[in-house]
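Novice: structure for this input, please:
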Amino acid sequence: MEIDENAKSAWDEWELGEHLGSGHYGRVYKAKNKSRLVEMQSAIKIIAIPSEDDRARMNKLSEGERRRQVEELKNECVREIEIMIQLGESPNVVRIGDYKVIENSDGTGYEIHIRIDLLSNLDAYIDEKTEDGRLPEGEIIKLGTDICSALELCAAQKPPIVHRDIKYDNIPYHPRPTPHQKRKRPPRQPDL
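Specialist: Next comes the predicted model:
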């Protein structure tokens with residue numbers, strides 16, 4: 001994918017690079033930390049509150065009701081991020097390093113920047129580990145079990161977290177263990 005010249009990181013020390021993907025709730029970029037001697041990489045997800053779909057729906061509302069709903073969406077997103085930070089030590093959940101909420105200059109909404117682990121996608125893992133593009137049955141069962149485990153953990157929260165975008169492209173994978181993974185995770189653990 002390409003670099004989005006207009007996208008900026010909420011952190012001065014993190015520079016956005018390649019656009020990794022987009023979805024209904026936001027865009028994800030590869031990022032590197034410019035302030036370190038040793039380059040650190042991460043991913044930064046930028047969520048627009050309200051989304052384009054939400055904006056279209058909210059155009060029919062009064063200004064006060066629209067502002068109330070935007071605040072409600074922002075607060076719900078922040079609550080879920082805070083819970084996901086707590087769940088980040090679980091082996092099947094993507095770790096969040098930090099987040100920032102930035103009000104739009106026109107006051108009509110927010111951008112939420114979330115710094116997360118930079119992970120490979122499942123396709124890259126399958127290509128690396130197989131010649132025919134097919135995982136062995138045992139790995140498929142383990143992958144399914146790991147995904148279900150992560151979803152059960154989210155559903156067990158009070159209030160429950162709903163993933164909202166479960167699809168093949170949203171199954172990241174740790175290709176190699178990092179020092180954190182060596183302590184806490186099996187090296188080939190998929191994350192949601």
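Novice: nearest the geometric middle of the protein, what residue?
Specialist: Lys45 (5.7 Å; CA atoms, centre = their mean).
Novice: tell me what that one is bridged to.
Specialist: Beta bridges link Lys45 to Val28, Ile114, judged by DSSP bridges.
Novice: would you map the helices across this protein?
Specialist: If DSSP state H is used as the criterion, the helices of the chain fall at 52-58, 63-87, 122-129, 137-155, 179-184.
Novice: looking at those helices, which is nearest to Asp169?
Specialist: The minimum distance between Asp169 and the helices of the chain falls on helix 122-129, with 8.3 Å, by CB to CB. Where C-beta positions appear, they are placed from N, C-alpha and C, glycine not excepted.
Novice: how far out from the middle of the chain is the closest one?
Specialist: 20 Å (CA atoms, centre = their mean, to the nearest Å).
Novice: low-confidence ranges in the chain?
Specialist: Applying pLDDT under 70 to the chain picks out residues 1-6, 174-192.
Novice: which residue of it sits farthest from its center?
Specialist: Ser62 (32.1 Å).
Novice: phi, psi for that residue please.
Specialist: phi -70, psi 160 (degrees, to the nearest 10).
Novice: so what's the residue count around Glu39?
Specialist: Residues lying near Glu39 (other CB atoms under 10 Å) number 8.
Novice: name the nearest residue to Leu16, ignoring sequence neighbours.
Specialist: Tyr29 (4.4 Å; CB to CB, 6 or more residues apart in numbering).
Novice: ugh, wrong one, Arg27
Specialist: Nearest to Arg27 is Ile46, by CB to CB, 6+ apart, at 5.2 Å.
Novice: Asp165 too?
Specialist: Gly23 (5.8 Å).
Novice: any idea how far the nearest residue to Asn121 once chain neighbours are set aside is from Val101?
Specialist: Counting by CB to CB, 6+ apart, Pro172 is the residue found nearest to Asn121 once chain neighbours are left out, at 6.0 Å. Relative to Val101, Pro172 is positioned 24 Å away (CB to CB, to the nearest Å).
Novice: more neighbours, these two?
Specialist: Neighbours of Pro172 and Val101, each counted by other CB under 10 Å, are more numerous for Pro172; the result is 20 against 17.
Novice: residues touching Met58, list them.
Specialist: When contacts are counted by CB atoms under 8 Å, 6 or more residues apart in numbering, Met58 touches Pro50, Arg66, Gln69, Val70.
Novice: which pair in these spans the largest distance?
Specialist: Longest span within the contacts of Met58, CB to CB: Pro50 and Arg66, 8.5 Å.
Novice: neighbours of Asp132, how many?
Specialist: Asp132: 6 neighbours (other CB under 10 Å).
Novice: equivalent analysis for Leu119, please.
Specialist: Neighbour tally, Leu119, other CB under 10 Å: 19.
Novice: what about it, distance to Ala7?
Specialist: Distance from Leu119 to Ala7, by CB to CB: 19 Å.
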